[in-house]
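**Q** give the three-dimensional model of this entry:
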Amino acid sequence: MLRLLQLTDSHLHASPDARMRGFNTDESFRAVLAQAMRDPDPAEAIVVTGDLVQDETRAGYERLREMLAACELPVFCIPGNHDAPELMASVLSAPPFQLNGDWQIGNWRLIFLNSYCRGDDGGRLPREELQRLADGLQQENADHYAIFLHHQPVPMGSRWLDGVGLRNADELLEIVDGSSRVRGLVWGHVHQASDRRRHGVRLLSTPSTCLQFLPNSDDFALDSRPPGYRWLDLHANGRIDSRVAWLEEN
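**A** Alright, predicted model coming up:
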C-alpha cells in the first residue's frame, strides 16, 4: 500500500503575517502540516495540488519549500490559478520536489497535470498535457492510475465555482473513459471536500489548508469548516481508501 498526503490551496504570501479574508494562511498551513506529520500512519509522499502561493512571490515559495523539505518525503507539486508557474518551477524543481510529470511506484502510476491557464481563474489542459496523459495511460508497466490536477473536471453544484472549473473537462474525461486502469481523479481549487464515482472512477476534491467555500452555493460564500487535508491509501489491487482530516482546535 502507498499512503499519500494531499495538501492544497495553501495561499501563502511573502510575509508569514499576511492574511487572506482575515485568515492567516501561514499559520494554518503550519498547523495542518504538523498535525498530519503526527499521524500514526505516516505518508510516503506529499502531493500539493495548486494555489500554493497567493501573491506570486519567491519568498512565499521558498517558505513553503522550507516547511515541506523538513518532512523528508518526496513532494509532487502542480500549479493552480493563483500560482506563478515559472517562479514556482525555479524554487520547487529540485529533489525532494517534483513539478508536474508523473511517478511510478509499484503497480501504480501517478500523473500530475498542469491545468494553469494564464489570465483565467478557470483552468485548461493544453494539447500537450492531454497527449501526455493519453500516452501515459497506454504504458503497460502500471496496472492502476491516479490523476491529480488543480481545477475540478466535474461540476460541484455551485454556480460561481463551476464557472471557474476546467474549461476542457470533456477532453480529459474522454481520455479517462478510454482507459480501464484509471482508479481516481483528485483535485483542489474548490476549497471543499467531495467523494463521488463516475464510471467506476473515484472523484475526490480536497479542502484547503486555510479557509473553505460553502458547498452548493450559487454565489461566493465561506463555510465554517476548519482547514483540512486528505489521506489517500493506494492498494496493490487498485482500491483507493481515502478520508479527509480537519484541523483540530487548539
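**Q** pretty sure residue 213 contacts residue 164?
**A** No. Between residue 213 and residue 164 there is no contact, the gap being 11.1 Å when judged by CB atoms under 8 Å. (Glycine included, C-beta is placed from N, CA and C.)
**Q** okay, those two: which has more neighbours?
**A** residue 213 (21 against 16; other CB atoms under 10 Å).
**Q** okay, the spatially most central residue of the chain and residue 78: tell me how far apart.
**A** Note on the chain: the residue nearest the mean C-alpha position is residue 49, at 2.3 Å, using CA atoms, centre = their mean. Using CB to CB, to the nearest Å, one gets 6 Å for the distance from residue 49 to residue 78.
**Q** so residue 241 sits in a strand?
**A** Yes. In this structure, residue 241 lies within a strand as judged by DSSP: H, G, I helix; E, B strand; the rest coil.
**Q** before we move on, the earlier item: how about the residue nearest to the centre of the chain, what does it touch?
**A** 6-9, 78, 80, 148-150, 186-189, 206 (CB atoms under 8 Å, 6 or more residues apart in numbering).
**Q** just the ones of those in strands?
**A** Judged by DSSP state E, the contacts of residue 49 include 6, 7, 78, 148, 149, 186, 187 as members of strands.
**Q** bridged to the second one, which residues?
**A** Okay, so that is residue 7. residue 48 (DSSP bridges).
**Q** so what's the residue count around it?
**A** Neighbour tally, residue 7, other CB under 10 Å: 26.
**Q** for it, give me its contacts.
**A** By CB under 8 Å, 6+ apart, residue 7 lies in contact with 29, 32, 33, 36, 46, 47, 48, 49, 209, 229.
**Q** which one of these sits closest to residue 168?
**A** Proximity of the contacts of residue 7 to residue 168 (CB to CB) peaks at residue 49, which lies at 18.2 Å.
**Q** could you check how far the closest one is from residue 36?
**A** Distance, residue 49 to residue 36, by CB to CB: 15 Å.
**Q** common neighbours of residue 49 and residue 78, please.
**A** By CB under 8 Å, 6+ apart, the residues touching both residue 49 and residue 78 are 148, 149, 150.
**Q** now neighbour count and pLDDT too, for the residues you listed, in a markdown table please.
**A** Shown next, in a markdown table, are the shared contacts of residue 49 and residue 78 (neighbours: other CB atoms under 10 Å; pLDDT from 0 to 100):
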| residue | neighbour count | pLDDT |
| --- | --- | --- |
| 148 | 28 | 98 |
| 149 | 28 | 98 |
| 150 | 27 | 98 |
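**Q** neighbours of residue 55, just the number please.
**A** What residue 55 shows, counting by other CB under 10 Å, is a neighbour count of 15.
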